[in-house]
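Q: For reference, the sequence and a predicted model appear below.
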Amino acid sequence: MNMADIATQLRMIGCTVREQESMAAHTSFKIGGAADLFVSVGEREQACEVLRFCRKEAIPLRVVGNGSNLLVSDAGIAGVVLRFEAGDAPFTVEGCRITALAGASLKRLCTVACENGLSGLEFAYGIPGTVGGGVYMNAGAYGGELSDTVRSVTALTPDGETVVLSAEELQFGYRHSALMENGLFVWSVELELHQGDAVAIREAMEAHLTARKEKQPLEYPSGGSFFKRPTGYFAGALIEQSGLKGYTVGGAQVSEKHAGFVINRGGATCADVMALCEHVQREVQTKFGVKLEREVQLVGR
């Protein structure tokens, strides 16, 4: 079955399908070649049908959120890239619990929590990306992580079945969840928060956002913090102490504002970013004996 036929079948399911869609338009790095098919779904049963179809036809499939932690190959992504859309009503609030669809933005989730006087997500305000992507990698900042609030996850299997995982089954760790290994896709997340003062919650959220703007190079496309925090160190400090602030390969640069960020100064390619990354890793390893591990995920052909 060729891609045109696959696209036709997916449209019959009710999906929005874009052929040869540039992934640069769907990642915060603004880098990446084309996906053979970029597919959007808004209903769980549609998503399950897509998963079942791709499994049956052995079509490569990748689920993405906002692409805020992805570096896509210049050669693009083979097969289907699937995005779960959040729609107009992605949240349900019951007492101190919020159920959020995976495609909803973390920023919107934090705002809904604040509007309902629910505390526990202030740290996440301003983290780019979606709820699903945030849970997948256990996103965190300012001493908090999403694992602090997640009660359960409703996920989809590659066969299009629905399963529910408890927080314990998700095996959260630093920038890690079991979802990275078990092949499941987040559809929705139930979070347990606690009552707080809406004014104080809003002030904390705005303070975190202000700190981000002051310390991070938000004026440039990037994938967020490029490297994981090594035990006992800070990646940005090691990179800066290695004299690599401002180090540039093509359109990619170690940010002069925060050395933990690799930015797209304009026209950067995946090859530029990876060459820069490898140089930084070598220099830090040589100078400090510390191996830096990428937090940003490389995907594609």
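A: Good, I have the coordinates.
Q: can you map out the helices along the stretch 1-150 of the chain?
A: 3-13, 44-56, 106-115, 131-136 (DSSP state H, counting those that start in this stretch).
Q: looking at those helices, which is buried most?
A: helix 131-136 (a mean of 28; mean count of other C-beta atoms under 10 Å). Yep, even glycine has a C-beta here, placed from its N, CA and C like the rest.
Q: Give me the residues contacting that one.
A: With C-beta atoms under 8 Å, 6 or more residues apart in numbering as the test, helix 131-136 has contacts from 63-66, 68-69, 84, 100-106, 109, 124, 127, 139, 146, 150, 153, 170, 177, 179-180, 185-187, 189.
Q: what do you get for stretch 108-123?
A: Under C-beta under 8 Å, 6+ apart, the answer for stretch 108-123 is 86, 90-91, 93, 96, 98, 100, 124-125, 131, 140-145, 148-149, 191-198, 200-202, 204-205, 208.
Q: hmm, back to that, quick one: the helices of the stretch 1-150 of the chain as CSV, columns for mean pLDDT too.
A: As requested, the helices of the stretch 1-150 of the chain are arranged in CSV below (pLDDT from 0 to 100):
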stretch, mean pLDDT
helix 3-13, 95
helix 44-56, 97
helix 106-115, 96
helix 131-136, 95
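Q: Give me the buried positions along stretch 225-239.
A: Using 16 or more other C-beta atoms under 10 Å as the test for burial, stretch 225-239 gives Ser225, Phe226, Phe227, Arg229, Ala235, Gly236, Leu238, Ile239.
Q: and the helices of the stretch 1-150 of the chain as TSV, adding distance to Ala271?
A: Listed next are these as TSV, based on distance: least, C-beta to C-beta, whole Å:
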stretch	distance to Ala271
helix 3-13	25
helix 44-56	29
helix 106-115	30
helix 131-136	24
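Q: And these: which comes nearest Glu278?
A: In terms of C-beta to C-beta, the element of those nearest to Glu278 is helix 131-136, at 25.1 Å.
Q: in the stretch 201-301 of the chain, which spans are helices?
A: 235-241, 270-288.
Q: in the longest one, what's buried?
A: Pointing back at helix 270-288 there. Cys270, Asp272, Val273, Met274, Leu276, Cys277, Val280, Gln281, Glu283, Val284, Phe288.
Q: Between those residues, which sits nearest Lys215?
A: For the buried residues of helix 270-288, the nearest to Lys215 is Val280 (19.2 Å; C-beta to C-beta).
Q: doesn't Leu238 make contact with that closest one?
A: No. Look at Val280 against Leu238 with C-beta atoms under 8 Å: they stay out of range, at 9.1 Å.
Q: can you list residues touching both of those two?
A: With C-beta under 8 Å, 6+ apart as the test, Val280 and Leu238 both reach Leu292.
Q: Show the pLDDT at Gln297.
A: Note on Gln297: pLDDT of 93.
Q: May I have the residues that are in contact with Glu85?
A: Neighbours of Glu85 in contact, by C-beta under 8 Å, 6+ apart: Ser40, Val41, Gly42, Gly103.
Q: switch to 6 Å and redo it
A: Contacts for Glu85 (C-beta atoms under 6 Å, 6 or more residues apart in numbering) come out as Ser40, Gly42, Gly103.
Q: What is the burial count for the closest residue to it other than its chain neighbours?
A: Leaving out its chain neighbours, the residue that sits closest to Glu85 by C-beta to C-beta, 6 or more residues apart in numbering is Gly42, at 4.4 Å. Gly42 has 17 neighbours, counted by other C-beta atoms under 10 Å.
Q: Quick check: Gly42 touching Asp88?
A: No. In this structure, Gly42 is not within contact of Asp88 by C-beta atoms under 6 Å, at 9.6 Å.
Q: Okay, now the unreliable bits of the chain?
A: Scanning the chain for pLDDT under 70 picks out no residues.
Q: Let me see the domain layout of it.
A: Per automatic domain parsing, the structural domains of the chain span 3-84, 91-213, 217-299.
Q: ok so, going back, show me the one of the helices of the stretch 1-150 of the chain that comes nearest Thr162.
A: Each of the helices of the stretch 1-150 of the chain has some distance to Thr162 by C-beta to C-beta; the shortest is helix 44-56, at 7.2 Å.
Q: elements contacting the closest one?
A: Taking 3 or more C-beta pairs under 6 Å, 6 or more residues apart in numbering; DSSP states H and E as contact, there are no helices or strands that helix 44-56 lies on.
Q: by how many degrees do that helix and helix 3-13 diverge?
A: 150 degrees (axes from the mean of the first three to the mean of the last three C-alpha atoms, to 10 degrees).
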